[in-house]
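>>> 3D, please:
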Amino acid sequence: MNQRSDSALRYPLDDVLPPVGASLEVAPGVRWLRMPLPFVLDHINLWLLRDELDGRPGWTLVDCGVDTPATRALWEQVFAHELEGLPVLRVVVTHMHPDHIGLAHWLTAHWSVPGRECRLWISAADWNAACNASRGGTGPAGEEAAAFYALHGLEDPAVLQRVRSHRGDYSALVPAVPPRHRRLMDGQLLRIGGRDWACHAGYGHAPEHIALHCPVLGVLIAGDMVLPRISTNISVFGHEPEGDPLTLYLESLARMRALPAHTLVLPSHGKPFTGLHERIDQLEAHHAERLAEVARSCAQGPCSALDLLPTMFRRPLDTTQIPFALGEAVAHLHRLWAQGLLKPLCGADGVRRWIAC
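Residues are numbered from 1 along each chain as shown. Here you go, the predicted structure:
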């Protein structure tokens, strides 16, 4: 969802962006890269951390970009001009979505040498989810996904056909996943560049998203958990049809309040900012408003998730956006269901609708 109330946030670099194929230092030993994406959300932020591993100087990469020729070419520029002649020692991935893990297989293979493997570091849940999805497993496309969206009111043949036919979208951008990984877990400390970075697990957006906080630098690599200008996609998908990801996300967000208010947040999309607690306030208020709107609509009569889209999304949605919007609508319905405020009804047409308890 668009969520643009960012007047309380501060952007230390103003409108400065890293040049294409180059990096920009945002904190000592922390450099910002920006890679293109072939989506409406047209970029991802990646991070280079100066490091030393087993006595060997080099770099840790955080997140990878999608596997496209354009992204590989930009990485080659980075290798040639931004690494000071030093190797990449490991690749940390915050979570399993294609823009974050897409090139992990290529980057780890590129920088592995006999006796020194460049390892992927990721949560076990997201590594397994990525392996499954890259092999064409469950996800937001295919016949099962189309049946799930139809259950929630989607009947547009063009949109349903797009869902059925795009089962291979994930594997096109993530053709392989490194066969081995080093597991990241909540509370774990990574020693990077002589400084400790604490792992903060977050749920709801991905199976087990890992953000990294360095208290000495006052920096949080937030991944997709906290974005400055948009709200993170929180959706229910057909492979977990009764899931309650919004509750998981809001609980994860609340735990981030323990981090200092002055933290410099490095998001995966948008610009680095300060004002973490203010942004958490905004995101919580945003979802509270949507939940209230959904509850009011269902109090007036039975509503499917599709019925709620004009209420929740005040802009036209194309065939690509509608399934994700439906997933978000279901996430809000399930949050209210878990709270005992709504209950589902199954109509004679096979569509699930929701009414107030």
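
>>> Show me the beta-bridge partners of F273.
For F273, the beta-bridge partners are V265 (DSSP bridges).

>>> how near is it to F324?
Distance of F273 to F324, computed by Cβ to Cβ, to the nearest Å: 24 Å. Every residue, glycine included, has its C-beta placed from N, CA and C.

>>> which of the two has more neighbours?
F273 (25 against 15; other Cβ atoms under 10 Å).

>>> so how far is L189 from S165?
45 Å.

>>> Kindly report the same for E242.
Distance, E242 to L189, by Cβ to Cβ: 35 Å.

>>> can you pull out the helices in the stretch 1-150 of the chain?
Using DSSP state H, counting those that start in this stretch, the helices assigned to the stretch 1-150 of the chain run over residues 69-81, 98-101, 104-111, 124-134, 143-151.

>>> Can you list the buried residues in the third one?
If I follow you right, that is helix 104-111. 104-108, 110-111 (16 or more other Cβ atoms under 10 Å).

>>> just the longest one next, same as before
Neighbour counts using 16+ other Cβ under 10 Å place 71, 74-75, 78-79 of helix 69-81 among the buried residues.

>>> and of these, the nearest to A150?
Set against A150, the nearest of those by Cβ to Cβ is T71 (34.7 Å).

>>> tally of neighbours for the closest residue to that closest one other than its chain neighbours?
Taking Cβ to Cβ, 6 or more residues apart in numbering, and ignoring the residues beside it in sequence, T71 has G65 as its nearest neighbour in space, at 4.3 Å. Using other Cβ under 10 Å, G65 has 28 other residues around it.

>>> In contact with G65, which residues?
Contacts for G65 (Cβ atoms under 8 Å, 6 or more residues apart in numbering) come out as 35, 37, 44, 46, 71, 74-75, 99, 102-103.

>>> just to revisit the earlier point, the buried residues of helix 69-81 into a markdown table, with extra columns for distance to F148 and pLDDT?
Conversion of these to a markdown table gives the following (distance: Cβ to Cβ, whole Å; pLDDT from 0 to 100):
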| residue | distance to F148 | pLDDT |
| --- | --- | --- |
| T71 | 31 | 98 |
| L74 | 36 | 98 |
| W75 | 36 | 98 |
| V78 | 40 | 98 |
| F79 | 42 | 98 |
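
>>> what about T247, is that helix, strand or coil?
Assigned with DSSP: H, G, I helix; E, B strand; the rest coil, T247 falls in the helix class.

>>> For it, give me the pLDDT.
On pLDDT, T247 comes in at 98.

>>> Helix or strand: which one has the closest residue to it other than its chain neighbours?
Once flanking residues are discounted, T247 sits nearest to R335: 5.5 Å by Cβ to Cβ, 6+ apart. R335 belongs to helix 321-338 when assigned by DSSP states H and E.

>>> now that helix and helix 143-151, what's the angle there?
Relative orientation of helix 321-338 versus helix 143-151 (axes from the mean of the first three to the mean of the last three Cα atoms, to 10 degrees): 70 degrees.

>>> in its sheet, what does the top strand by length along the chain sit against?
In the chain, assigned by DSSP state E, the strand with the most residues is strand 43-53. Taking DSSP bridges as the criterion, strand 43-53 sits next to strand 30-36 (antiparallel), strand 56-62 (antiparallel) in its sheet.

>>> what comes up buried for it?
Burial within strand 43-53, assessed by neighbour count using 16+ other Cβ under 10 Å, is assigned to 43-53.

>>> One more: stretch 126-134?
Neighbour-count burial for stretch 126-134 [16+ other Cβ under 10 Å]: 126-134.

>>> possible to save these as TSV with distance to D169 and pLDDT?
TSV is the format used below for the buried residues of stretch 126-134 (distance: Cβ to Cβ, whole Å; pLDDT from 0 to 100):
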residue	distance to D169	pLDDT
D126	18	98
W127	20	98
N128	19	97
A129	15	96
A130	14	97
C131	16	96
N132	14	94
A133	10	93
S134	11	94
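
>>> Go through the residues you listed and say which is closest to A8.
D126 (30.9 Å).

>>> and that closest one, what does it touch?
D126 touches 93, 95-96, 101, 206-210, counting by Cβ under 8 Å, 6+ apart.

>>> now do 10 Å
The contact partners of D126, taken as Cβ atoms under 10 Å, 6 or more residues apart in numbering, are 93-97, 100-101, 177, 181, 184, 206-210.

>>> ok, so of the residues you listed, who is nearest L317?
Closest approach to L317 among these (Cβ to Cβ): H97, at 20.1 Å.

>>> distance of the nearest residue to Y249 once chain neighbours are set aside from R195?
Take Y249 and drop its neighbours on the chain: the residue closest to it by Cβ to Cβ, 6+ apart is G204, 2.8 Å away. Distance, G204 to R195, by Cβ to Cβ: 28 Å.

>>> Show me which of these two is the more surrounded one.
Counted by other Cβ under 10 Å, G204 and R195 do not tie: G204 has more neighbours, with 23 against 19.

>>> Out of the buried residues of helix 104-111, which is nearest to I122?
Of all the buried residues of helix 104-111, A104 has the smallest distance to I122: 7.9 Å, by Cβ to Cβ.
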